[in-house]
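**Student:** I'll drop the sequence and a predicted model, then ask my questions.
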Amino acid sequence: MPQIPSLIDMLKAGVHFGHQKAKWHPRMRPFIYTVRHGIHVIDLEQTAKQLEAALNFLREVTSGGGTVLFTSLKEQANDPIRQAAKTTGMPYIVERWLGGVFTNFGVISKLLRRLDMLEAEKQRGLWDKYSKKEQLERQRDFDRLNMTVGGIRNLTRLPQVVFLVGTREGKNAIREAHKVGVPVVALVDTNTNPSSVDYPVPANDDALRAIQMIVGLAAEAVLEGQKIALDQVTTAAVAAVPGTETKVQGLVIGT
């Protein structure tokens, strides 16, 4: 289990900063500590509690071989989300939500096939037969598709969970996920509705350091779950071969 940051560390990262009092969502009341200079301050003890529950869930899902779709709908979270996905080998979506990822994957599949075709043609040098204008159009099409669906090229089935930064901006993503029964783990700032997601983590979702801290911990939890899954597969494989387990144990203890 990733170590939950101390309250001091979360303070340094700015996790506690909310929005102006006038912009708050009433359902965030249980997660608000106080108001200072007209700004809501998040209760970091509640953050630690909710964060632990969210990380445990991510680890549990991935230990069973589940997939996490990392999603950023806030510009400042794009790089941390991409990094988390790269580190864990998980799919990701940034910039904007692709309508139909969950509810109409057939349309998304067509975009993915188009991306694969363009990339294959480019690698084989087939673009050379086109005019410079046509090559430029193809490059723009490739770049657009790579930006929108490049992060989910290996997503062949519904993920088991969505990890989201940008709850207010991600209403459509949350709606689609709930429609197909996919739980959502998300950062919830003081201007968002925490009841709209399954595992809300009260935190500043605007500050880069705060985002990096929470997203980094999510990636750690996923990696731990993947290690558990791998250990289980290895143990099962060893147990399936008569006499192998004894030999392996002997090597471990040096006999």
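**Tutor:** Perfect, thanks for sending it.
**Student:** for the stretch 151-255 of the chain, give me the ranges with low pLDDT.
**Tutor:** Under the criterion pLDDT under 70, the flagged ranges of the stretch 151-255 of the chain are 242-255.
**Student:** can we see that at 50?
**Tutor:** Across the stretch 151-255 of the chain, the ranges flagged by pLDDT under 50 are 248-249, 251-255.
**Student:** which stretches in it count as helices?
**Tutor:** Under the criterion DSSP state H, counting those that start in this stretch, the stretch 151-255 of the chain contains helices at 171-179, 208-239, 244-253.
**Student:** any chance of CSV for the ones you listed, columns distance to residue 65?
**Tutor:** The way it works is simple: take the backbone N, C-alpha and C, and place the C-beta from them, glycine included. As requested, these are exported to CSV (distance: least, CB to CB, whole Å):
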stretch, distance to residue 65
helix 171-179, 19
helix 208-239, 5
helix 244-253, 23
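**Student:** now for residue 207: which residues touch it?
**Tutor:** 13, 14, 15, 17, 76 (CB atoms under 8 Å, 6 or more residues apart in numbering).
**Student:** out of those, grab the one that's most surrounded.
**Tutor:** residue 15 (27 neighbours; other CB atoms under 10 Å).
**Student:** where does that residue sit: helix, strand or coil?
**Tutor:** Following DSSP: H, G, I helix; E, B strand; the rest coil, we place residue 15 in the coil state.
**Student:** quick one: pLDDT of it?
**Tutor:** Residue-level confidence at residue 15 comes out at 97, pLDDT.
**Student:** picking that back up, ok, the contacts of residue 207 vs residue 162, which is closest?
**Tutor:** Set against residue 162, the nearest of the contacts of residue 207 by CB to CB is residue 76 (18.8 Å).
**Student:** what about the spatially closest residue to that closest one that is not a sequence neighbour, neighbour count?
**Tutor:** Leaving out its chain neighbours, the residue that sits closest to residue 76 by CB to CB, 6 or more residues apart in numbering is residue 208, at 5.2 Å. The tally of other residues near residue 208 (other CB under 10 Å) stands at 14.
**Student:** from residue 41, how far off is residue 24?
**Tutor:** 11 Å (CB to CB, to the nearest Å).
**Student:** between the two, which one's more packed in?
**Tutor:** Shown here are residue 24 and residue 41; by other CB under 10 Å, residue 24 has more neighbours (19 against 15).
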